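In: Quick one: sequence and predicted model below, then my questions.
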Amino acid sequence: MTSLSVTLFGAVRVTDSGSDIDIARSAQTLLSYLLLNRGGPIAREKLADTLWHETGPEKARSRLSTSLWRLRRQLGHPGGEELVQATPSGELHLSRSARLWLDVAEFETEARRCLGIPAAELGGGDIATLERVLGLFARDLMEGHYDDWVLLERTRLNDLKEQCLAHLILANLEHGRNEPAIQHGQALLAIDPLREEAHRWIMLAQARLGRPHLVRRQFDACRDILREELGAEPVRETVALLERLGRQGSAAAALQMDACGSGHRRDLLRLRQAVSAMEIHLGEIAGRLDRMLGD
């Protein structure tokens, strides 16, 4: 075996050249933990206690040994070295030279790189990369596993996913890509429906696309979920945005009606503007006369 591909988002899956490798669940758990903690060697005692603490120390050590044996037998030596190696003191770690692709590693590497670039400076290639790696994270980490350490890793990665979605929304808004901004905003709200700035970002994108009814609908959805879950109202910033977008929408609608109206309507509007200007001029004259009479 020369290379491996491991998927941890969704069901745990190990493949070699597209063919699935059937791995015992205990060995699968050990491999997943080592992959998610690939920063350095891990003591056997910590592995046993973390992965099989409910069985007691002695049985946990036995299960670790069995799982390690199965893992080494089933996965072989990708890249020429044994995948799981031990330090002289017995700590376990993954071979650094093993040719292994991991979806979580790809996501984390590109996510942290793109998050290090201000949203306004993300180029089209970076946006596409961020969208691609978010696509790897379409399902929860290690579905079907509910150990405490899995739940902690799931929370950590979900937090990173939320940061990426927010960054991506802002970048898309900066580039005028309003439809993708709405899609990613909805994905962010699916994770955290109480995230009020996501509602505002969607409102802004909908307004840019000329959809005032959807701006209002998004505001109503924001208000309703806040009332239901927190007994609270939208913050002042959200209300102010609704009012501002409403005014802009009315002005844009008036301009559109003027542009699309008949020649007669345009003539009437110009006449009305001339009358308004004359009223202002006459008011100024009346003011000067009043001051002269007062003197």
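Out: Noted; the coordinates are in hand.
In: for stretch 85-100, how far is the first residue from the last?
Out: One end of stretch 85-100 to the other measures 15 Å (CA to CA, to the nearest Å).
In: just how off-centre is that stretch within its chain?
Out: Relative to the chain's own centre, stretch 85-100 is displaced by 33 Å; criterion: CA atoms, centre = their mean, to the nearest Å.
In: quick one: buried residues of it?
Out: 85, 91-95, 98, 100 (16 or more other CB atoms under 10 Å). All C-beta spots, glycine's among them, are computed from the backbone N, C-alpha and C.
In: quick one, phi/psi of Leu141?
Out: With angles defined as degrees, to the nearest 10, Leu141 sits at phi -60, psi 130.
In: next one: Gly18
Out: Note on Gly18: its backbone torsions stand at phi 90, psi -10 [degrees, to the nearest 10].
In: number of nearby residues for it?
Out: 6 (other CB atoms under 10 Å).
In: Could you do Glu233 as well?
Out: Using other CB under 10 Å, Glu233 is surrounded by 12 other residues.
In: Spatially, which two of the buried residues of stretch 85-100 are the most separated?
Out: Glu91 and Leu100 (19.3 Å; CB to CB).
In: Pull the contacting residues for the residue at minimal distance from the centre of the chain.
Out: Closest to where the C-alpha atoms of the chain average out (CA atoms, centre = their mean) is Leu165, at 2.1 Å. Contact partners of Leu165, counting by CB atoms under 8 Å, 6 or more residues apart in numbering, are 134, 184-185, 187-188, 191.
In: what's the closest of the residues you listed to Glu243?
Out: Taking CB to CB as the measure, Glu243 lies nearest Gly185 of the contacts of Leu165, at 20.2 Å.
In: Can you pull the phi/psi pair for that closest one?
Out: According to degrees, to the nearest 10, Gly185 has phi -60, psi -40.
In: Now it: closest residue in space that isn't a chain neighbour?
Out: Once flanking residues are discounted, Gly185 sits nearest to Ile202: 4.2 Å by CB to CB, 6 or more residues apart in numbering.
In: Around the one you found, how many other residues sit close by?
Out: Ile202 has 27 neighbours, counted by other CB under 10 Å.
In: In contact with it, which residues are there?
Out: By CB under 8 Å, 6+ apart, the residues touching Ile202 are 181-182, 185-186, 189, 218.
In: Then Phe137?
Out: Counting by CB under 8 Å, 6+ apart, Phe137 touches 9, 107, 157, 161.
In: separation between it and Asn158?
Out: For Phe137, the distance to Asn158 equals 9 Å [CB to CB, to the nearest Å].
In: Export the contacts of Phe137 to TSV and append columns for pLDDT.
Out: Putting those into TSV (pLDDT from 0 to 100) gives the following:
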residue	pLDDT
Phe9	97
Phe107	97
Leu157	97
Lys161	97
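In: so which of these is the most crowded?
Out: Within the contacts of Phe137, neighbour counts (other CB under 10 Å) peak at Phe107, which reaches 23 neighbours.
In: Contact partners for that residue?
Out: Residues near Phe107 by CB under 8 Å, 6+ apart: 9, 133-134, 136-137, 157, 160.
In: element containing it?
Out: Per DSSP states H and E, Phe107 falls inside helix 103-115.
In: and the next element down the chain from that helix?
Out: Under the assignment DSSP H and E, the closest C-terminal helix or strand after helix 103-115 is helix 124-136.
In: following that next one, which helix or strand shows up next?
Out: helix 148-174.
In: Show me what counts as buried in that next one.
Out: For helix 148-174, a neighbour-count test (16+ other CB under 10 Å) marks 149-150, 153-154, 157, 160-162, 164-173 as buried.
In: Could you tell me the angle between that helix and helix 103-115?
Out: Angle of helix 148-174 versus helix 103-115, following axes from the mean of the first three to the mean of the last three CA atoms, to 10 degrees, is 40 degrees.
In: All set, thanks.
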